[in-house]
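**Q** need coordinates for the below:
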Amino acid sequence: MSYEKIHPNWDRDATHILEGYSLEMTAKERPQLAEAAHLMVPETPIAVPFLPGELMDDRIAAAVDIRNLGFEPMAHLSARRIQSRDEFATMIRRLATEAGAKRAFIVAGDPPSPEGPYEDTMQMLREGIFEDNGITAVGIGGHPEGHPAVDTDTLWRFMDDKVEEISKRGMMPLIVTQFSFDPDACLEWLAQVRARGIDAPVRLGIPGPAGIKRLLRYAKFCGVGASASVLKKYGISLTRLMGTAGPDKLVDALRDGLSPEHGRVRLHFYPFGGLEPTMEWINTYSAEHGAPQPVAETTA
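**A** Numbers count the residues shown, from 1 in each chain. Sure thing, here's the model as predicted:
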């Protein structure tokens, strides 16, 4: 299956950095999504993470809201948190039938040992449940700054294996990265992805505008690099932690650094400060930089 069949707008002028952006929201943020929806481009992909303490019904309700508001749901599935094959199959079936989902995003998850039958995402892929329910694209994680619990060689091997498995099952692999403050790390990692012959579309994780202390707290929790030198690139000084910070410098650097050799690239926003402030930032940045109003990617 070609990338163009599912994403015919992926080939773009790299200067239109916000074209086809995507977002992340939790199941608890359904009211905030309704309030911010008027600021979003129709068909925008919106991911719903698999957080502990949230029920399957909560995640499916969020995906249904995303679809009903005119956007594209992409629910996360955490392999080690899934209790049974039946739970896995039921969630994908309900996402497809109730929310019209065509995408899913898979992670191994934080638990050191599985709570059910799945140790890793490859076991989930080999069940055939995604393609049997009409899922056409499966997202996997990318880590420009590495992973605190997995060595670099193993990360690359996992990526190679998952991209191959998703592709041979007739679905499109999509790589979505952890958020980063460091454009140089993102661009270097992206060059390595392409050098390995991986031409899957990539979404680079971007922190939305938020309080500086909140950004640093999420960075620590997620294992994201936040040294003084990296934060300076982003526009944060460790001696001044009051106030908020936005991703202007980060997005500027990515806009200037991306080239056709980096392949299909989009931005994925983590709205730590809320969906509405993130959307206001996206639309303001577009207007200030003379870019056309951001447009959504076309999906199958």
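**Q** what helix or strand is the residue nearest the centre of the chain located in?
**A** Centroid-nearest residue in the chain: residue 176, 4.2 Å away (criterion: C-alpha atoms, centre = their mean). Using DSSP states H and E, residue 176 sits within strand 172-179.
**Q** so which strand or helix has residue 105?
**A** strand 103-107.
**Q** next, the angle strand 172-179 makes with that strand.
**A** Here strand 103-107 runs at an angle of 50 degrees relative to strand 172-179 (axes from the mean of the first three to the mean of the last three C-alpha atoms, to 10 degrees).
**Q** strand 103-107 pairs with which strands, parallel or anti?
**A** Next to strand 103-107 in the sheet, as set by DSSP bridges, lie strand 72-78 (parallel), strand 137-142 (parallel).
**Q** list the strands paired with the strand holding residue 176, with their directions.
**A** Partners of strand 172-179 in its sheet, by DSSP bridges: strand 137-142 (parallel), strand 202-207 (parallel).
**Q** may I have the first one exported as CSV, CA atoms only?
**A** Read that as strand 137-142. The C-alpha trace of strand 137-142 is given here as CSV (Å, rounded to 0.1, in the frame of the first residue of the first chain):
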residue,chain,number,x,y,z
ALA,A,137,-2.3,2.9,9.4
VAL,A,138,-0.4,1.9,12.5
GLY,A,139,1.8,4.4,14.4
ILE,A,140,4.9,3.4,16.3
GLY,A,141,7.1,5.5,18.6
GLY,A,142,10.3,7.3,17.6
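**Q** contacts for that strand, please.
**A** Applying C-beta atoms under 8 Å, 6 or more residues apart in numbering, the set of residues contacting strand 137-142 from outside is 6, 47, 74, 102-107, 121, 125, 130, 159, 162-163, 166, 171-178, 189, 193, 202-203. (Each C-beta comes from the backbone N, C-alpha and C, glycine too.)
**Q** of those residues, buried ones?
**A** Among the contacts of strand 137-142, those classed as buried by 16 or more other C-beta atoms under 10 Å are 6, 47, 74, 102-107, 121, 125, 130, 159, 162-163, 166, 171-178, 189, 193, 202-203.
**Q** number of nearby residues for residue 262?
**A** 18 (other C-beta atoms under 10 Å).
**Q** thinking it is in contact with residue 191, fair?
**A** Yes - counting by C-beta atoms under 8 Å, residue 262 touches residue 191, with 6.9 Å between them.
**Q** still on that earlier bit, would you put the C-alpha positions of the strand holding residue 176 in CSV?
**A** Extracted in CSV, the C-alpha atoms of strand 172-179 (Å, rounded to 0.1, in the frame of the first residue of the first chain):
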residue,chain,number,x,y,z
MET,A,172,1.0,2.0,6.5
PRO,A,173,3.6,2.5,9.2
LEU,A,174,3.7,5.9,10.7
ILE,A,175,6.4,7.1,13.2
VAL,A,176,5.4,9.6,15.9
THR,A,177,8.3,10.8,18.1
GLN,A,178,8.5,11.7,21.7
PHE,A,179,8.4,15.5,22.2
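**Q** what's the very next helix or strand once past that strand packed up against?
**A** Downstream of strand 172-179, the first helix or strand assigned by DSSP H and E is helix 183-195. Contacts defined by 3 or more C-beta pairs under 8 Å, 6 or more residues apart in numbering; DSSP states H and E place helix 183-195 against strand 172-179, strand 202-207, helix 228-234, helix 248-257.
**Q** can we see that at 7 Å?
**A** strand 202-207, helix 248-257 (3 or more C-beta pairs under 7 Å, 6 or more residues apart in numbering; DSSP states H and E).
**Q** by how many degrees do the longest one and strand 202-207 diverge?
**A** Right, helix 248-257. Orientation check (the same axes, to 10 degrees): helix 248-257 against strand 202-207 gives 160 degrees.
**Q** for the record, mean pLDDT for helix 248-257?
**A** If you average the pLDDT over helix 248-257, you get 91.
**Q** mind listing what's buried in that helix?
**A** For helix 248-257, by 16+ other C-beta under 10 Å, it's 248-251, 253-255.
**Q** how about stretch 115-123?
**A** Those would be 117-118, 120-121, 123, for stretch 115-123 by 16+ other C-beta under 10 Å.
**Q** can you check stretch 41-58 too?
**A** Buried-residue list, stretch 41-58, by 16+ other C-beta under 10 Å: 41, 44-50, 56, 58.
**Q** quick one: which two of the buried residues of stretch 115-123 are the most distant?
**A** 117 and 121 (12.8 Å; C-beta to C-beta).
**Q** shared neighbours of the two, anything?
**A** Overlap of the contact sets of residue 117 and residue 121 (by C-beta atoms under 7 Å, 6 or more residues apart in numbering) is empty.
**Q** understood, closing this out.
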